[in-house]
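Peer 1: here's my sequence, what's the structure:
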Amino acid sequence: PDTVCDVGPGEGTYARLFRPAHHGAWWTAIEIHKPYIRKYGLKNTAKRSDRYDEIHNLDAREAPDHLFHRDLVIFGDVLEHMPREDAVALLQKAEAAGAWNILVSVPIVEAPQGEVDGNPHEEHVHHWDADDMDGVLAGLGGRVDAMRGGTLGCWWWSRRT
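Peer 2: Below is the predicted model of the structure:
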């Protein structure tokens, strides 16, 4: 992908892992918890330019649609932190905004979690069942590929069939 939006990047794991494999991609991050931006060095600065070209400190549910008009939108371990109906609406928003591909990873086992490191947004609000996520992504149309481990499910949705 030439353009990527990483929703809830936390430590910036996806950018750290994938960016070196595809030089020249434009990485956008939407991070709700402002202290993470500094703590994890997410902002593109002279000292650390290996993460994100553009970062927005806001709730992805309130983000302007154009931020999701990307080749790839990543929802990596973020959808469990909001009510199911909000997560479904956010996935629909990304698809409607023109995302070409969506990567989703969520725990697929009961994984209670409260506030972490002073961040109330780390609380697990919804427990995802893998079959439920299959259905939600299938409802977007396109193609869905899934990989389920013992505790984590990963899905790749593509506008292309």
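
Peer 1: which elements pack onto the lengthiest helix in the chain?
Peer 2: The single longest helix within the chain, with elements called by DSSP state H, is helix 84-97. Judged by 3 or more CB pairs under 8 Å, 6 or more residues apart in numbering; DSSP states H and E, helix 84-97 is in contact with strand 72-76, strand 101-107, helix 130-138. C-beta here means a position set from N, CA and C on the backbone, and glycine is covered the same way.

Peer 1: show residues contacting the second one.
Peer 2: In this case it means strand 101-107. Outside of strand 101-107, the residues within contact range by CB atoms under 8 Å, 6 or more residues apart in numbering are 1, 71-77, 79-80, 91, 94-95, 124, 127-128, 133, 137, 140, 151-159.

Peer 1: parallel or antiparallel, list what pairs with it.
Peer 2: With DSSP bridges as the test, strand 101-107 is paired with strand 72-76 (parallel), strand 152-158 (antiparallel).

Peer 1: pLDDT averaged over the first one - what is it?
Peer 2: Predicted confidence along strand 72-76 averages 97 (mean pLDDT).

Peer 1: and the pLDDT at Leu42?
Peer 2: 87.

Peer 1: pretty sure it belongs to a helix, no?
Peer 2: No. According to DSSP: H, G, I helix; E, B strand; the rest coil, Leu42 belongs to no helix; its state is coil.

Peer 1: among the contacts of strand 101-107, name the buried ones.
Peer 2: 1, 72-77, 79-80, 91, 94-95, 124, 128, 133, 137, 140, 153-155, 157-158 (16 or more other CB atoms under 10 Å).

Peer 1: run through who's touching stretch 139-151.
Peer 2: In contact with stretch 139-151 (CB under 8 Å, 6+ apart) are residues 91-92, 95, 102, 107-109, 111, 130, 133-134, 137-138, 153-161.

Peer 1: residues of that stretch that come out buried?
Peer 2: In stretch 139-151, counting by 16+ other CB under 10 Å, buried: 140, 142, 144, 146.

Peer 1: for that stretch, measure first residue to last.
Peer 2: 24 Å (CA to CA, to the nearest Å).

Peer 1: same check on stretch 72-87?
Peer 2: OK, stretch 72-87 end separation, CA to CA: 17 Å.
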